[in-house]
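>>> Give me the fold of what follows.
(2 chains)
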Protein chains: 2
Amino acid sequence: MKTMLNTWTWRYLEKLFPLWKFLKKYDGNTAVCDVVAGITVGLTLIPQCIAYASLAGLDPQYGLYSSLCGGIIYAVFGTIPELNIAPTALLSLLTYQYTHNVTFGNVKAAVMLTFFAGIFELFSGILHLGFLVDFVSLPVVSAFTSAGAITIATSQVKNLFGLKFTAESFVDVWKQFFIHIGEVKLWDTLLGFVCITILLLMRKLKDYGVPPIKTTSPEKQAATYKKCIWFVSVGRNAMVVISCAVLAFIFKYHDHKPFALTSKVPSGFPNISIPLKPVETINGTNGTSIPQMISELGYGLVVIPFVAILANVGIAKAFARGNVVDASQEMIAVGLCNIFGSFFGSYPVNASFSRAAVSSASGVRTPVSGIYTGIMVIMAFTFLTPYFSYIPKATLAAVIICAVVFMVEITIAKSIWYINKLDLIPFIITFVSCLLIGIELGILIGILVEICKLMYFTARPKILTSKKITGNKTYLKMVLTSSVFFSSAEHIREKIVQYATSTKSNVSIVLVDCTNVISLDYTAGKCFSLIADDLQKKGTSVAFLVSRDRIIKTLENCGNKNFTIFQTEYDFEQNLNGKNEGLHNDIESVTTQM
Amino acid sequence: MKTMLNTWTWRYLEKLFPLWKFLKKYDGNTAVCDVVAGITVGLTLIPQCIAYASLAGLDPQYGLYSSLCGGIIYAVFGTIPELNIAPTALLSLLTYQYTHNVTFGNVKAAVMLTFFAGIFELFSGILHLGFLVDFVSLPVVSAFTSAGAITIATSQVKNLFGLKFTAESFVDVWKQFFIHIGEVKLWDTLLGFVCITILLLMRKLKDYGVPPIKTTSPEKQAATYKKCIWFVSVGRNAMVVISCAVLAFIFKYHDHKPFALTSKVPSGFPNISIPLKPVETINGTNGTSIPQMISELGYGLVVIPFVAILANVGIAKAFARGNVVDASQEMIAVGLCNIFGSFFGSYPVNASFSRAAVSSASGVRTPVSGIYTGIMVIMAFTFLTPYFSYIPKATLAAVIICAVVFMVEITIAKSIWYINKLDLIPFIITFVSCLLIGIELGILIGILVEICKLMYFTARPKILTSKKITGNKTYLKMVLTSSVFFSSAEHIREKIVQYATSTKSNVSIVLVDCTNVISLDYTAGKCFSLIADDLQKKGTSVAFLVSRDRIIKTLENCGNKNFTIFQTEYDFEQNLNGKNEGLHNDIESVTTQM
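Residues are numbered from 1 along each chain as shown, chains lettered A, B, ... in the order given. As a prediction, the model looks like this:
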């Protein structure tokens, strides 16, 4: 008994702390792989998180603070080695939308949002709510991420051209852009476009060599060469940002300031503080209580964790290598990353597809690599911060634009067109609403459209009808192709009664084949009873073919004497012809679909 | 060509004016039946509509005005002879809730509501939106009507006891009742309870004789006797109301006023007026524009027509005698009744189950009987109005309570328990929310619960698994029991991959039987492709069994080379064993349901 309990406890702990499973097999070789991957991801992450912080309307250091906990906590609780939990473009944009207008300071709001998002994700994991993600279809996800990417790129247009204006929505930004087009700064624009060109070219380099992790091939030199090219490609963000900062430094040294630069970044470790603290009343200014703060954050408290879970489960599945993803454990892991992060001044964090791809290509073995990335981040905010204020804003804009431009999946429309044309409707509606109304409302509208489509299909199931002859009797066989619920019950009743009593069928015996009916609710049960009554009135007798005990019981409990239930078609035909004539002599006419 | 067009036009006109079809076969015998039924319904309707008007917070004459158009317009556009469109308890209650607080007068608000409800119903009919009614399941409808009936009866408690207070909700009324319990008036209470007792007893009488319409039986005398008893039972509302009015008149003649009486009723035909007229600014009081009025009516503009359609389609189906109900035409008819009615000062009207039952038992033949009921109503407001002010309020309360008490269908819970226990959840949630939160919000909550239930079922379809042997090969056959949509795609992928690669199955060939799959959306198509990739990685080959051309095309367009598609299981087995060994040699193990 004790051993059983122990086994159970062990299994539970192993499930909760997947790190244990990884550590059991951890050796030097694995560690080297993880260190390489961790550093490579760090080189992508550090310039990205500074850029994303500005997208979220926060100072650059918050981007670094947000990258601190993700890697380390996920190393303990995460299951997919490739994932790196840190700021992402989409969550940064959403954070901006829900925090830039609050009265108690956007940093405080962002940190609080992180805390609540973490709690929400943690509980969703504990309550196994991951299935909710299933209700977001691929076309909706693609349209949402595409529109999100376009919105993010749009928000960087002003930094790219050195413009200064405030605008919220996609439409607004472009309107403001054309109003201020006369104020475009030459040097910012030039730098921005040069950076974009270099970044895209360096990205292209990658295609010329994916590093062979196990260098057992005889052409070791060629492999090393390829590896270098690949590393240059992966480290492109860091290289471009450093080069531009150096450039700005040189200009400043000669007393020139051609570019708009990032604001000063304080050095050192973030202060540990409690994310849920009311703003106190000081010197006559009114404070804000926690409930007031919560009400100011509004829908953000639901939208941000939902989008985070959606993205995380999606990315986890993409990198699961054919294994089944433990979605609940993933949600718990991301939830804990956010909760811990909120004590270190983090804004909402999440896995990113681009980082996961880099990590995968760098040959990551276990989530422990996140710890190495974490160490790099710590080094960045202890040693590098003085240099951050030389990074031109246009460079950061270029980094963001080049990161999100490949999230735009408009080409998927072609694939949808080939596979299922009807799915273009939710795709287009989601895409357009995300751009015009806002990306959170857009995805909601998309989900609703998909649910309506689904409801329609369940409400209008197909019935296959064929005329059959057994012995000297003719009967109409009507096959229900799916389960019957309240939404389809009346429709099925109408179709069956209409067809069975029409002159087209001209039979007085109907067999309704319910073999495919797995579930039958109260409304449907009552409706089946009404079908029998309706047909009885018209002089047609009806039998139901049911193989599942539960459905038989449901139908029997309706207490209707106007129908009989058979478990096999053979039984039904036997009964029709009198017990002894069991000759199965079917002539099936063309099956009609209703 | 011209004749074809003519035939088509005729058919269309016949569909739009079902009266034409009825008139073609109209003879003296049918007319007599309709007259008898029309008068009988009138005897139920007139006292009912005075009572319901007070429930709607309106003067008694508005109940009569509302009964005028329904019968006559429905006679032209309606298809079900039994239906009588006039005030109902439920719509009266809803009208009260949406109009008693408006700033521009509750009569004007009620009439405007009628007009818009009519427009809404008319367009729902034209656009064939009747299918929306299918999404309201029987448990939700039962809970809604039961809670509605209890709320209505509750609202009459104060009149029954001669109390005076204002309270809105179910909980409120009972709280106020116990606060004012000391002010209970003896005579009102006595009268009220006597009326209830008499009404219930007289209702019971009906069971002793339903009138045989065709008196061909030799026991003509017994039949006539039975008919009289039935008539007394059906006319009980009229008799009780008249007796009580006479009683009050006698008391008044002797200068006693023991009962609270109905207010004075103006005599004569209603004024015809346009329902959409802004309130003008007179003597400094501010007017109200039409958009302002519309915004004051709020959700009532949607809730009232929705409930009206719901009730109407339900009642129409119950009395359709096994015929298919043309729900669209029914909605058009009810819509026109409301639109026309709104010009005559009507508040929202609808069919009532109790009147339909009376009409049916009176042997109605065609909707023309509504015209005879209409004539009775006209006579009532031209000749009878002076006497209406003698009707005691407690008597009207008794009439309402006795009408709605049989709408309470709590016993249905037992039937749900036997047929499908899970359906008790929406029933109880709807019932409790209707009583505690309000009946309109309650039905919405109920519908949402049912939709969630439905979504869950479509998201978690069952897969039947069996191991099969053909020739010397063993394969795993997995049967999908329903169509696959975005919501179930990931679940199916997980289940199939998990089971197929588990040690339990121990096979390397999987056949996924998609014969029951009628529809496959983009997400599901992509997921099928991923199933093949996942299994390929684990060294398992997969084939899909698909019979529908559309599904085959969808799968082919996914462009995945990791799976093959077969149209029959025979083809698959042939392919498995090499072309020539076609021996169908199945050994089926126990089928597992996932």
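
>>> so where is the stretch 451-594 of chain A shaky, pLDDT-wise?
For the stretch 451-594 of chain A, the stretches with pLDDT under 70 are A:503-505, A:579-594.

>>> residue boundaries of the helices in it?
Taking DSSP state H, counting those that start in this stretch as the criterion, the stretch 451-594 of chain A contains helices spanning A:486-500, A:522-537, A:549-557, A:569-576.

>>> Can you point out the buried residues in the second one?
Same thing as helix A:522-537. Across helix A:522-537, burial judged by 16 or more other C-beta atoms under 10 Å in any protein chain shown covers A:522-536. No exception for glycine: its C-beta is placed from N, CA and C like everyone else's.

>>> List, out of the residues you listed, those positioned next to chain B.
Subset of those in contact with chain B: A:522, A:523, A:525, A:526, A:533, A:534, A:535, counting by C-beta under 8 Å from any C-beta of the partner chain.

>>> tell me, how many neighbours does the residue nearest to the second one when sequence neighbours are not counted end up with?
Nearest-residue entry for residue A:523: residue A:486, 3.6 Å, with adjacent residues in sequence omitted and distances by C-beta to C-beta, 6 or more residues apart in numbering or on different chains. The number of residues packed near residue A:486 is 29, by other C-beta atoms under 10 Å in any protein chain shown.

>>> From residue A:136, how far out is residue A:486?
25 Å (C-beta to C-beta, to the nearest Å).

>>> where's the closest residue to residue A:399 other than its chain neighbours relative to residue B:279, distance?
Nearest non-adjacent residue to residue A:399, counting by C-beta to C-beta, 6+ apart: residue A:51, 4.7 Å away. Relative to residue B:279, residue A:51 is positioned 59 Å away (C-beta to C-beta).

>>> Neighbour count: these two, which is higher?
Taking other C-beta under 10 Å, residue A:51 and residue B:279 do not tie; residue A:51 has more neighbours (29 against 17).

>>> how's chain A carved up into domains?
If you go by automatic domain parsing, the domain ranges for chain A are A:25-426, A:461-593.

>>> so where's chain A uncertain?
Using pLDDT under 70, chain A drops low at A:1-5, A:208-219, A:281-286, A:321-322, A:503-505, A:579-594.

>>> What residues of the helix ranked longest in it count as buried?
What stands out as the longest helix in chain A, according to DSSP state H, is helix A:28-55. For helix A:28-55, burial by neighbour count (16+ other C-beta under 10 Å) applies to A:30, A:33-55.

>>> now do stretch A:436-448
Those would be A:438, A:439, A:440, A:442, A:443, A:444, A:445, A:446, A:447, for stretch A:436-448 by 16+ other C-beta under 10 Å.

>>> Quick check: closest non-adjacent residue to the first one.
So the one you mean is residue A:438. Sequence neighbours aside, residue A:169 is the residue nearest to residue A:438 in space, at 6.6 Å (criterion: C-beta to C-beta, 6+ apart).

>>> Look up how far residue B:374 lies from the one you found.
Residue A:169 sits at a distance of 56 Å from residue B:374 (criterion: C-beta to C-beta).

>>> Please apply the same query to residue A:436.
From residue A:436 to residue B:374 the distance is 52 Å (C-beta to C-beta).

>>> try residue A:239
Distance from residue A:239 to residue B:374, by C-beta to C-beta: 88 Å.

>>> Same question for residue A:469.
Remark: distance between residue A:469 and residue B:374 (C-beta to C-beta) = 54 Å.

>>> More neighbours: those two, which one.
Neighbours around residue A:469 and residue B:374, counted as other C-beta under 10 Å, are more numerous at residue B:374. The numbers are 24 against 14.

>>> Break down the stretch 201-350 of chain A into its helices, ranges please.
Along the stretch 201-350 of chain A, counting by DSSP H, counting those that start in this stretch, helices occupy A:220-234, A:236-253, A:290-297, A:300-318, A:327-343.

>>> Surely residue A:259 and residue A:187 touch.
Yes - using C-beta atoms under 8 Å, residue A:259 is in contact with residue A:187, at 5.8 Å.

>>> if we can go back for a sec, and the domains of chain A: which comes nearest residue B:549?
domain A:461-593 (12.0 Å; C-beta to C-beta).

>>> how far out from the middle of the chain is the closest one?
Chain-centre distance of domain A:461-593: 43 Å, with C-alpha atoms, centre = their mean, to the nearest Å.

>>> what does stretch A:407-420 give?
Averaging C-alpha positions (C-alpha atoms, centre = their mean) puts stretch A:407-420 17 Å from its chain's average.

>>> Give me the residues contacting it.
Residues from elsewhere that reach stretch A:407-420 (C-beta atoms under 8 Å, 6 or more residues apart in numbering or on different chains): A:89, A:138-139, A:142, A:145-146, A:148-150, A:353, A:423-424, A:427, B:520-522, B:525-526, B:554, B:557-558.

>>> Take these and, keeping just the buried ones, write it as a PyMOL select command.
Listed next is the PyMOL selection for buried residues among those, using 16+ other C-beta under 10 Å:
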select buried, (chain A and resi 89+138+139+142+145+146+148+149+150+353+423+427) or (chain B and resi 520+521+522+525+526+554+558)
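
>>> helices or strands up against the one helix or strand residue A:113 maps to?
Applying DSSP states H and E as the criterion places residue A:113 in helix A:106-126. If contacts are counted by 3 or more C-beta pairs under 8 Å, 6 or more residues apart in numbering or on different chains; DSSP states H and E, helix A:106-126 sits against helix A:60-77, helix A:89-99, helix A:290-297, helix A:300-318, helix A:327-343.

>>> what's the most buried one of those helices?
helix A:60-77 (a mean of 27; mean count of other C-beta atoms under 10 Å in any protein chain shown).

>>> For that helix, what is the distance to the chain centroid?
20 Å.

>>> next one: stretch A:186-203
The chain centre lies 31 Å from the centre of stretch A:186-203; the measure is C-alpha atoms, centre = their mean.

>>> buried set for that stretch?
Across stretch A:186-203, burial judged by 16+ other C-beta under 10 Å covers A:187, A:188, A:191, A:192, A:195, A:196, A:198, A:199, A:202, A:203.

>>> is chain B contacted by the helix or strand where residue A:441 lies?
If you go by DSSP H and E, residue A:441 is part of helix A:439-459. Yes - counting by C-beta under 8 Å from any C-beta, chain B has neighbours in helix A:439-459: A:450, A:451, A:453, A:454, A:455, A:457, A:458, A:459.
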